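*Asks:* got a predicted structure here, sequence first:
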Amino acid sequence: MKKTIAILFLSIIIFSSCEKDDFCIQNPVTPSLVLEFYDANNRESPKNFSSITVWSESAENKDNLFENITGNKLEIPLNQFATETVYNFSQNGVVNQLTIKYSTEEVYVSRSCGFRVIFNDVSFESDNTWITSFTPQTLTTIDNQNETHVQIFH
């Protein structure tokens, strides 16, 4: 009887001391900036860009983020350790520079997922070479990447 009680007591101690496995099942990803390109003459219809190359001005090694890609939508990361990210967009040898300014806010997701960063008070500036305009000029926040943040007209 004493052995049964001892085994039961020992089993309770062992199983109660186990930690719950933590898996991050949420998507705590720091969002990227989503750009969608439109026809400058017909602002309602998306327009593909062709052979575009994109690189960050602030990257140390200046490697291309995208090289010779075609499409009408891009997701580009913002530097969460700075308050500004500058990207160069080159199409047919013409470079357009887009400057994104923002403040960052770390948001706690969970113990297993950690933190993610959202971007607040976001503003955009462009030297408008082959990109003729964009909307909006400012955003309150970027906290997901499921929607287009900026429409670029070219």
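*Replies:* Arrived safely.
*Asks:* so how many other residues sit close to Ile25?
*Replies:* By other Cβ atoms under 10 Å, 8 other residues sit near Ile25. For glycine as for every other residue, the C-beta is placed from the backbone atoms N, C-alpha and C.
*Asks:* so it versus Cys113, what's the distance?
*Replies:* Per Cβ to Cβ, to the nearest Å, Ile25 is found 8 Å from Cys113.
*Asks:* same question for Val54.
*Replies:* Per Cβ to Cβ, Val54 is found 29 Å from Cys113.
*Asks:* ranges for the strands of the chain?
*Replies:* Listed in chain order, the strands of the chain (DSSP state E) span 33-38, 49-56, 64-71, 73-76, 84-91, 94-110, 114-126, 133-135, 138-142, 150-153.
*Asks:* turn these into JSON lines, including mean neighbour count and mean pLDDT.
*Replies:* Formatted as JSON lines, the strands of the chain follow (neighbours: other Cβ atoms under 10 Å; pLDDT from 0 to 100):
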{"stretch": "strand 33-38", "mean neighbour count": "20", "mean pLDDT": "96"}
{"stretch": "strand 49-56", "mean neighbour count": "17", "mean pLDDT": "91"}
{"stretch": "strand 64-71", "mean neighbour count": "13", "mean pLDDT": "90"}
{"stretch": "strand 73-76", "mean neighbour count": "16", "mean pLDDT": "94"}
{"stretch": "strand 84-91", "mean neighbour count": "19", "mean pLDDT": "94"}
{"stretch": "strand 94-110", "mean neighbour count": "15", "mean pLDDT": "93"}
{"stretch": "strand 114-126", "mean neighbour count": "17", "mean pLDDT": "94"}
{"stretch": "strand 133-135", "mean neighbour count": "15", "mean pLDDT": "92"}
{"stretch": "strand 138-142", "mean neighbour count": "15", "mean pLDDT": "92"}
{"stretch": "strand 150-153", "mean neighbour count": "19", "mean pLDDT": "94"}
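*Asks:* ok, the residue most central in space within the chain to Val117 distance?
*Replies:* Geometric centre of the chain, nearest residue: Ser32, 1.5 Å, by Cα atoms, centre = their mean. From Ser32 over to Val117 the distance is 11 Å, taken as Cβ to Cβ.
*Asks:* please apply the same query to Ser90.
*Replies:* 28 Å.
*Asks:* ok, now Pro31?
*Replies:* 8 Å.
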